[in-house]
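Enquirer: got a predicted structure here, sequence first:
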Amino acid sequence: MKKTMIASLLVFLAVHAHAQKLDSKDVPAGAKNNLAKKYSGKNANWEKEDDKYEASFKQKGEEVSVLFDAAGNILETETEINKKDLPSAILATLKKDYSEYEIEEAAKIDANGAITYEVEVEIGEQTFDLIFDVEGKLLKKELKQQEDKD
């Protein structure tokens with residue numbers, strides 16, 4: 001399970017690092033159909049990295065990204081959440097180990113049922129992505145490159 005979560009996380013980070021924008025007509029029908037089934041009526045922005053496709057859209061005011069394989073199967077879903085809605089174990093870890101950092105944003109990642117949380121934090125001029133499991137254990141800390149910042 002841990003290997004699956006880490007592998008999913010690495011796929012997600014790789015897709016976000018070098019994605020290129022796509023027109024909807026260039027997206028596999030399976031991905032568009034599965035997006036329409038799960039999130040009907042959503043007009044998504046599409047990006048591609050290698051053989052993965054990502055649809056980004058807003059739902060109930062929150063950013064949602066859905067990652068698909070070339071066959072259109074959903075690999076993972078990332079949903080923006082309010083930082084107050086992070087699990088208490090993660091909030092405790094942040095308070096204990098990252099109290100000098102400012103939390104910029106947070107997201108819940110569901111990779112085929114394996115749930116992790118991504119927290120973007122900033123200290124000075126540096127921004128980091130922190131990936132936690134649901135128990136608050138830090139799985140990964142990655143320095144964001146300047147061009148990756150939104």
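Expert: Perfect, I can see it now. Residues are numbered from 1 along each chain as shown.

Enquirer: what's the spacing between Val64 and Leu130?
Expert: 20 Å (CB to CB, to the nearest Å). C-beta coordinates here come from the backbone N, C-alpha and C atoms, glycine included.

Enquirer: these two: who's more crowded?
Expert: The neighbour comparison of Val64 against Leu130 (other CB atoms under 10 Å) goes to Leu130, with 22 against 18.

Enquirer: that one - that's part of a helix, no?
Expert: No. Leu130: not assigned to a helix; according to DSSP: H, G, I helix; E, B strand; the rest coil it is strand.

Enquirer: check contacts around it.
Expert: Leu130 makes contact with Leu94, Tyr98, Glu118, Val119, Glu120, Val121, Leu138, Lys140, Lys141, according to CB atoms under 8 Å, 6 or more residues apart in numbering.

Enquirer: again, only this time at 10 Å
Expert: Going by CB atoms under 10 Å, 6 or more residues apart in numbering, Leu130 touches 90, 93-94, 97-98, 101, 103, 106, 117-121, 138-142.

Enquirer: same deal with Glu62?
Expert: Thr79, Glu80, Ile81, Asn82, Ala107, Lys108.

Enquirer: show me what the helix or strand where Leu94 lies is packed against.
Expert: Element membership of Leu94, judged by DSSP states H and E, is helix 88-97. Applying 3 or more CB pairs under 10 Å, 6 or more residues apart in numbering; DSSP states H and E, one finds that helix 88-97 contacts strand 102-111, strand 114-123, strand 126-133, strand 138-143.

Enquirer: among those strands, which is nearest Glu47?
Expert: strand 102-111 (16.3 Å; CB to CB).

Enquirer: in its sheet, what does that closest one sit against?
Expert: Here strand 102-111 is paired, per DSSP bridges, with strand 74-81 (antiparallel), strand 114-123 (antiparallel).

Enquirer: least trustworthy helix or strand in the chain by mean pLDDT?
Expert: Using mean pLDDT, DSSP states H and E, helix 2-17 stands out as the lowest-scoring helix or strand of the chain, at a mean of 46.

Enquirer: any regions of the chain where pLDDT drops low?
Expert: Applying pLDDT under 70 to the chain flags residues 1-19, 146-150.

Enquirer: Gly61 contacts Thr79, doesn't it?
Expert: No. At 11.3 Å, Gly61 does not count as touching Thr79 under the criterion of CB atoms under 10 Å.
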